[in-house]
Every structure is written in structure tokens, then in C-alpha cells.
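*Asks:* got a sequence here, can you build the structure:
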Amino acid sequence: MLWFVLGILLFSLVLYLLFLPLEIAINIAKNEYYVRIGGLAKVALEGHEKEFLRIKLNTLFSKFYFYPLRKRKSGAKKVEKKRVGKVNFRSNFKKGLKILKSFEIKKLIIDIDTGNCIQNAKLYPAFALLDHYNTGTFRVNFEGRVHMILHLQSRPVNILKSFINI
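*Replies:* So this is what the prediction gives:
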């Protein structure tokens, strides 16, 4: 009976993890770049005073910081792996495209100024057409602002479906 209850709990936990929302957010205006998995974890890229870049990992009860551009110790030697076989670029590209299609655009705002008034005038009709079809909000300004907000959402089960249906 105990194994049955543990099996049901494990199965429900896996099912819960498959249906958690996976969010990717890019906000240039506020300098926010993160990936969030439900309420369990959030991985964010942020600037740092001494280092150029750091990765902040928030889990349920703790925070971790990683510095990916920091030099490694010279005592540790890298082991080189030899490639075996040919890499199929077309197959990898199709897989990546199907994974990208599994995401849903929740919010898209683009507000740009190219710095050239003629290029801005050329972009204006294209942005007006894109804005008309409700795919997002597209604006051209002549004030020097460059803003982009992109918020994507998917579920791990949709990403697994894209692998299975390839």
C-alpha cells in the first residue's frame, strides 16, 4: 500500500512539473532578462559592478549567483572531446524551430528610433501594418528611444510534444 501511495505521489509530481508554465522575458527598457519555471525557479541575467555579467538563480528558499565570464583556475585542464560523425545542421534547425513554435507570445512591444529620420519613415508603414494585425505593439518614434519587451510562455509538455512529433 505504501508503494502505491508513493507511486501516485511521484506520478502527480511529474504531471505537475509537466504543466508548470515556462516563461521567457526580455525587457530592454528595464534591463530584465529571465527564464522562470512556474514559482519554483527563476534564472536571471543581470549586470554587476565588478564583473560584466552574472547569473542569478532564485529557487524556493535560496539564491545563488554565478559568474560565467570569470576566468577558471589554471590548474584545471580541459578535456577535449573529438567529434564523431557529421552534424546535421538542417535537422537541428528544424528541431529548434519546432521548439520555438511551441512558445506562445504573451506580450510584444517594440518602440524604436534608428537615428535616421529617412529609415524611420521607411519603417513606419511596415510597423503600422504589423500593429494592425494584433501580433504586438509596434511603434516608430523620432525621440531616440529604443524599447523592446518580449514575453514568451510555454509548458514543458508542449516542448516534449515538439520533440516527439518531429
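*Asks:* who does the strand or helix carrying His151 pair up with?
*Replies:* Assigned by DSSP states H and E, His151 belongs to strand 147-154. Applying DSSP bridges to the sheet, strand 147-154 is found paired with strand 22-27 (antiparallel), strand 104-112 (antiparallel).
*Asks:* what distance separates the shortest one from the centre of its chain?
*Replies:* What it means is strand 22-27. The chain centroid and the centroid of strand 22-27 are separated by 5 Å, computed with CA atoms, centre = their mean, to the nearest Å.
*Asks:* and for stretch 148-158?
*Replies:* So, by CA atoms, centre = their mean, the centroid of stretch 148-158 is 7 Å from its chain's centroid.
*Asks:* nearest residue to the most centrally placed residue in the chain in space, please, no chain neighbours.
*Replies:* Of all residues in the chain, the one closest to the mean position by CA atoms, centre = their mean is Ile24, 3.8 Å from it. In this structure, Ile24 finds its nearest non-sequential neighbour in Leu152, 4.4 Å apart by CB to CB, 6 or more residues apart in numbering. Glycine gets a C-beta too; all of them are placed from N, C-alpha and C.
*Asks:* which residues does the one you found bridge with?
*Replies:* Assigned bridge partners for Leu152, using DSSP bridges, are Ile24, Ile105.
*Asks:* does anything pack onto whatever helix or strand Arg139 lives in? Which helices or strands?
*Replies:* Following DSSP H and E, one finds Arg139 within strand 137-140. Strand 137-140 is packed against strand 104-112, helix 117-132, with contacts defined by 3 or more CB pairs under 8 Å, 6 or more residues apart in numbering; DSSP states H and E.
*Asks:* before we move on, the earlier item: from what I can see the residue nearest to Ile24 touches Ile105, true?
*Replies:* Yes - Leu152 lies in contact with Ile105 (CB atoms under 8 Å); the separation is 6.1 Å.
*Asks:* which of those two has more residues huddled nearby?
*Replies:* Neighbours were counted for Leu152 and for Ile105 using other CB atoms under 10 Å; Leu152 has more, 18 against 11.
*Asks:* check the gap between that one and Leu6 for me.
*Replies:* Distance from Leu152 to Leu6, counting by CB to CB, to the nearest Å: 36 Å.
*Asks:* now do the buried residues in stretch 134-146.
*Replies:* Phe138, Arg139, Val140 (16 or more other CB atoms under 10 Å).
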